[in-house]
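S.K.: My questions are about this predicted structure, shown below with the sequence.
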Amino acid sequence: MPRVDGQPRRCAEKYVQTAQGVLPLKAFFARRVTPRGDTTAAEVRDRISAIVAGEDGSRPCSDDEIARHLAGEGLRVSRRTVAKYREELGLPVAAVRRSVSYRDGATLS
């Protein structure tokens with residue numbers, strides 16, 4: 001039986017025809033981000049989004065603080081991973097989130 005660790009390499013550069021069009025094969029597998037493999041990247045993104053949504057606008061959390069908060073919940077991810085997922089979610093850095101114009105609903109260009 002093939003090891004699970006090799007699954008991403010086997011799926012790389014492979015595609016499948018579906019009713020929605022041609023999709024990469026890796027789209028059908030959840031990316032796991034914890035050593036035990038019990039947490040997906042999407043779940044971590046959801047938690048980051050919730051943390052940013054609930055933060056104090058005058059004192060937003062840095063990526064390092066978000067990583068520590070996630071570690072407190074049992075999700076050990078690096079600051080760089082938090083930054084990557086925050087950018088994928090379209091959330092700006094803490095300095096921009098602290099600005100009054102961002103808190104008042106202005107969009108970033």
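M.R.: Structure's in. What do you need? Residues are numbered from 1 along each chain as shown.

S.K.: and the longest helix along the chain, how far from the chain's centre?
M.R.: Criterion DSSP state H: the longest helix present in the chain is helix 41-53. In terms of Cα atoms, centre = their mean, to the nearest Å, the gap separating the centre of helix 41-53 from the centre of its chain is 7 Å.

S.K.: Counting neighbours, what do you get for residue 52?
M.R.: Applying other Cβ atoms under 10 Å, we find 17 residues neighbouring residue 52. C-beta: built from backbone N, CA, C; applies to glycine.

S.K.: residues contacting the closest residue in space to it that isn't next to it in sequence?
M.R.: Distances taken as Cβ to Cβ, 6 or more residues apart in numbering place residue 91 nearest to residue 52, at 5.4 Å, with adjacent residues excluded. Applying Cβ atoms under 8 Å, 6 or more residues apart in numbering, we find residue 91 in contact with 48-49, 52, 97.

S.K.: By neighbour count, which of those residues wins?
M.R.: Result: residue 48 is most packed of these (other Cβ under 10 Å), 26 neighbours.

S.K.: my guess is it contacts residue 87, does it?
M.R.: No. Taking contacts as Cβ atoms under 8 Å, residue 48 lies outside contact range of residue 87: 10.5 Å.

S.K.: what do these two both touch?
M.R.: Between them, residue 48 and residue 87 share no contacting residue, judged by Cβ under 8 Å, 6+ apart.

S.K.: per-residue pLDDT, residue 3?
M.R.: The model reports residue 3 with a pLDDT of 49.

S.K.: got it, and residue 26?
M.R.: At residue 26, pLDDT is 73.

S.K.: per-domain residue ranges of the chain.
M.R.: Per automatic domain parsing, the domain ranges recorded for the chain read 1-29, 31-109.

S.K.: circling back to that earlier point, let me have the contacts of residue 91 in a markdown table, adding pLDDT and distance to residue 20 as columns.
M.R.: Shown next, in a markdown table, are those (pLDDT from 0 to 100; distance: Cβ to Cβ, whole Å):
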| residue | pLDDT | distance to residue 20 |
| --- | --- | --- |
| 48 | 96 | 27 |
| 49 | 95 | 25 |
| 52 | 94 | 30 |
| 97 | 88 | 35 |
